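K.L.:
Give the three-dimensional model of this entry:
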Amino acid sequence: MTAPLASPALHRSRPKVAIIGAGPGGLAAAMLLAASGARVTVYEKDEVVGGRTRTLTSAEGYSFDLGPTFFLYPRILKEIFARCGADLEREVDMRRLEPQYRLLFEKGGDVTKLDASADLDRMEAEIARISPGDAKGLRPFMLENRAKLEAFRPVLERAFSTAADMMRPDMLKALPLMKPWSTVDKDLARHFKDPRVRLAFSFQTKYLGMSPFKCPALFTILSFLEYEHGVFHPIGGCGAVSTAMARVAERLGADIRLNTPIEAIAFQGKRAKGVEIGGTRHDADAVVVNADFAHAIPKLIPDQLRKGWKDKKIGQARYSCSTFMLYLGLDRELPGVAHHNVILSEQYRQNIGEIETGVIPEIPSLYVQHAGATDPTMAPAGHSALYVLVPVPNLIHQPDWAAQSARFREIALDRLKVLGLGDLRPHIKYERIVAPQDWESDFAVGYGATFNLSHELPQMLLFRPGNRFRDVEGVYLVGGGTHPGSGLPVIYEGARITTGLLAADLGLSAAPSRPTADSGFRAATPVAAET
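P.N.:
Numbering: from 1, shown residues only. All right, here's what the predicted structure looks like:
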């Protein structure tokens with residue numbers, strides 16, 4: 001059985017914290033603050049927890065991840081669970097994938113496959129098949145990025161509140177390794193000459209919604225993390241992790257209220273005093289905003305109270321690309337299709353340029369998840385659930401998406417033929433499309449920019465919206481729109497930073513979650529939840 005959780009410390013007047021949104025950052029904040037003794041209420045506008053990290057289900061028995069489809073670097077979440085008296089591996093059945101994913105490079109009508117493996121001997125052999133001279137670059141790449149991550153971790157694990165934070169010793173030590181003058185692709189060229197091999201270690205910039213030809217060189221650590229710490233699939237989909245986080249938060253006393261949209265944050269002067277729901281104020285000593293920054297902040301906080309992030313600045317900020325999603329329930333199995341597949345068009349670089357200028361690619365690159373390769377719970381026996389993600393322009397660059405969706409659906413379905421399965425249209429028994437306009441209207445994602453504010457250097461660290469929102473008092477941010485940035489492990493780390501600041505401000509006595517030296521993670525079967 002799961003070990004009993006420590007009860008929050010009892011005080012005569014425990015601080016009340018309102019959390020807006022039950023996405024991954026909001027749930028992590030709820031866990032940590034409840035464990036630190038606060039009275040936590042989470043207000044979620046939807047009928048389920050998880051935000052974009054939820055599992056969609058259909059009446060036909062198909063299940064799909066809505067957004068994220070895997071867990072990278074689960075060390076941080078494991079530490080958060082441990083801080084809350086729970087064991088992530090006992091709460092969620094996580095499976096480490098080997099190989100991690102399959103890359104399909106298109107060139108001249110041919111398709112070259114590469115199965116990315118965390119076994120470096122096997123990965124060297126895979127690289128050597130397509131570019132023999134580049135195999136020798138793998139281990140130096142790993143060694144260099146191991147040092148880069150260790151140097152930069154302290155920067156990613158703390159807040160940036162004032163200009164002085166940019167000059168602290170850890171930042172000065174990490175700055176040369178960041179190489180702000182370089183890009184991911186240029187940095188990789190020192191190790192790998194073949195553009196296909198560089199793509200194998202740089203397509204991960206899509207996790208940030210960015211181009212490897214513009215993304216800062218720091219982010220070579222993304223692919224390093226995959227090979228060093230593994231790629232994991234939670235049985236039942238990523239929503240299983242969100243459900244487990246909510247379960248632990250509630251065991252600690254957090255109150256999670258679904259179907260409860262927030263109208264505004266209530267202020268007394270510049271000080272947040274609670275939240276407005278249906279015209280009624282619900283008092284709180286602090287408010288944590290987990291909603292999408294660009295979408296929510298103009299609605300929640302009056303423009304006149306925001307000196308640093310006024311509506312005009314939010315509208316002029318740079319945002320990530322969007323994604324065109326297909327969720328397909330098929331009446332057939334997909335033998336030979338890997339769990340994760342990345343189809344890299346010969347026009348990959350052209351695709352990126354088109355997306356950045358608002359042009360919808362005609363031969364797009366795309367990502368396909370076939371969770372049934374690992375997880376039989378995602379579709380009925382003999383059937384398959386297919387998740388298709390195509391990077392596309394956001395609504396700033398392409399505001400006429402609604403008129404394009406039907407045509408682009410056909411393009412995306414045709415591109416699936418690269419998997420060697422022929423035309424899948426006759427086998428579709430369930431289908432759902434989420435296009436950029438749907439991300440904005442149905443899931444409250446500003447401008448349909450699925451990966452939030454972009455991660456260019458002028459929008460990182462101190463220049464990103466602060467974990468303690470600097471324009472007002474008593475408002476804190478968690479999620480991809482604040483420091484350190486987007487991506488699940490980074491959002492979880494951001495929740496630790498934010499809750500550490502909030503705990504200090506409210507005088508909560510319990511220690512926050514802290515990074516540890518142990519990064520081990522084993523696969524395990526979860527026990528039944530306690531009642």
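K.L.:
Start and end of stretch 387-403, how far apart?
P.N.:
The straight-line separation of the ends of stretch 387-403 (CA to CA, to the nearest Å) is 22 Å.
K.L.:
So what's the model's average confidence on it?
P.N.:
Mean pLDDT, computed over stretch 387-403, is 95.
K.L.:
For it, buried residues please.
P.N.:
Applying a neighbour-count criterion of 16 or more other CB atoms under 10 Å, one finds 387-398, 401 buried in stretch 387-403. Any C-beta I mention is one placed from the backbone N, CA and C, and that applies to glycine too.
K.L.:
gap between residue 72 and residue 149?
P.N.:
Remark: distance between residue 72 and residue 149 (CB to CB, to the nearest Å) = 13 Å.
K.L.:
okay, and the common contacts of the two?
P.N.:
Common contact partners of residue 72 and residue 149 (CB atoms under 8 Å, 6 or more residues apart in numbering): residue 225.
K.L.:
re the thing from before, ok, the buried residues of stretch 387-403 vs residue 242, which is closest?
P.N.:
Nearest to residue 242 out of these is residue 387 (CB to CB; 16.6 Å).
K.L.:
Can I take it that that closest one is in a helix?
P.N.:
No. Assignment of residue 387 by DSSP: H, G, I helix; E, B strand; the rest coil gives strand, placing it outside any helix.
K.L.:
nearest residue to it other than its sequence neighbours?
P.N.:
Closest residue to residue 387 apart from its sequence neighbours, by CB to CB, 6 or more residues apart in numbering: residue 369 at 4.0 Å.
K.L.:
Could you verify that that neighbour is part of a strand?
P.N.:
Yes. According to three-state DSSP, residue 369 belongs to a strand.
K.L.:
pLDDT wise, what is it at?
P.N.:
98.
K.L.:
what do you get for residue 207?
P.N.:
Reported pLDDT for residue 207: 84.
K.L.:
same question, residue 50
P.N.:
Model confidence at residue 50, given as pLDDT, is 98.
K.L.:
Low-confidence bits of the stretch 51-200 of the chain, can you list those?
P.N.:
Across the stretch 51-200 of the chain, not a single residue meets the criterion (pLDDT under 70).
K.L.:
Helices along that one, start to end?
P.N.:
75-83, 88-91, 120-130, 138-156, 169-178, 184-188, 195-200 (DSSP state H, counting those that start in this stretch).
K.L.:
show me the contacts for the residue lying closest to residue 460 once chain neighbours are set aside.
P.N.:
Nearest residue to residue 460, sequence neighbours excluded (CB to CB, 6+ apart): residue 485, at 6.9 Å. Shown in contact with residue 485 (CB under 8 Å, 6+ apart): 208, 452, 455, 460, 464, 494.
K.L.:
Work out for me the element residue 485 sits within.
P.N.:
Assigned by DSSP states H and E, residue 485 belongs to no helix or strand.
K.L.:
Likewise for the one 4 residues further on?
P.N.:
Secondary structure assignment for residue 489, by DSSP H and E: helix 488-506.
K.L.:
Columns neighbour count and distance to residue 297 on top of the contacts of residue 485, output as JSON lines?
P.N.:
Formatted as JSON lines, the contacts of residue 485 follow (neighbours: other CB atoms under 10 Å; distance: CB to CB, whole Å):
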{"residue": "208", "neighbour count": "24", "distance to residue 297": "20"}
{"residue": "452", "neighbour count": "28", "distance to residue 297": "12"}
{"residue": "455", "neighbour count": "27", "distance to residue 297": "19"}
{"residue": "460", "neighbour count": "20", "distance to residue 297": "18"}
{"residue": "464", "neighbour count": "23", "distance to residue 297": "13"}
{"residue": "494", "neighbour count": "31", "distance to residue 297": "16"}
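K.L.:
Lowest pLDDT pick from these?
P.N.:
The minimum pLDDT among the contacts of residue 485 falls on residue 208, with 85.
K.L.:
neighbours around residue 222, how many?
P.N.:
Residues lying near residue 222 (other CB atoms under 10 Å) number 25.
K.L.:
ok, back up a step: residue 45: which of the helices of the stretch 51-200 of the chain is closest?
P.N.:
Closest to residue 45 of these is helix 75-83 (CB to CB; 23.8 Å).
K.L.:
The helices of the stretch 51-200 of the chain: which one's closest to residue 377?
P.N.:
Where those are weighed against each other on CB to CB, the nearest is helix 88-91, at 16.4 Å.
K.L.:
Just list whatever residues bridge to residue 367.
P.N.:
Counting by DSSP bridges, residue 367 is bridged to residue 342, residue 389.
K.L.:
where's it relative to residue 342, distance?
P.N.:
From residue 367 to residue 342 the distance is 5 Å (CB to CB).
K.L.:
cool, and residue 72?
P.N.:
Applying CB to CB to residue 72 and residue 342 gives a distance of 14 Å.
K.L.:
contacting residues around residue 290?
P.N.:
Contacts of residue 290 (CB under 8 Å, 6+ apart): 19-23, 25-26, 29, 51, 477-479.
K.L.:
Columns distance to residue 157 and secondary structure on top of these, output as TSV?
P.N.:
Shown next, in TSV, are the contacts of residue 290 (distance: CB to CB, whole Å; DSSP: H, G, I helix; E, B strand; the rest coil):
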residue	distance to residue 157	secondary structure
19	21	strand
20	24	strand
21	23	coil
22	24	coil
23	21	coil
25	15	helix
26	20	helix
29	16	helix
51	23	coil
477	16	strand
478	15	coil
479	17	coil
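K.L.:
which one of these is nearest residue 183?
P.N.:
Distance to residue 183 across these (CB to CB) is lowest for residue 479, with 25.7 Å.
K.L.:
Can you check what pLDDT the model gives that closest one?
P.N.:
At residue 479, the model reports a pLDDT of 97.
K.L.:
what about the spatially closest residue to it that is not a sequence neighbour, how many neighbours?
P.N.:
Spatial nearest neighbour of residue 479, excluding adjacent residues (CB to CB, 6+ apart): residue 25 at 4.2 Å. By the criterion of other CB under 10 Å, residue 25 has 31 neighbours.
K.L.:
for the stretch 151-300 of the chain, what spans make up the strands?
P.N.:
231-234, 255-257, 264-268, 271-277, 280-283, 286-289 (DSSP state E, counting those that start in this stretch).
K.L.:
So which of those strands is nearest residue 376?
P.N.:
Closest of the strands of the stretch 151-300 of the chain to residue 376 is strand 231-234, at 12.0 Å (criterion: CB to CB).
K.L.:
elements contacting the closest one?
P.N.:
strand 71-72, strand 94-96 (3 or more CB pairs under 8 Å, 6 or more residues apart in numbering; DSSP states H and E).
K.L.:
right, so of the ones you listed, which gets closest to residue 220?
P.N.:
strand 71-72 (14.3 Å).
K.L.:
ok, residues contacting that closest one?
P.N.:
So strand 71-72 is contacted by 77, 94, 225-226, 229-234, 238, 241, 487-489 (CB under 8 Å, 6+ apart).
K.L.:
give me that answer again for 7 Å
P.N.:
For strand 71-72, the external contacting residues (CB atoms under 7 Å, 6 or more residues apart in numbering) are 94, 225-226, 231-232, 234, 241, 488-489.
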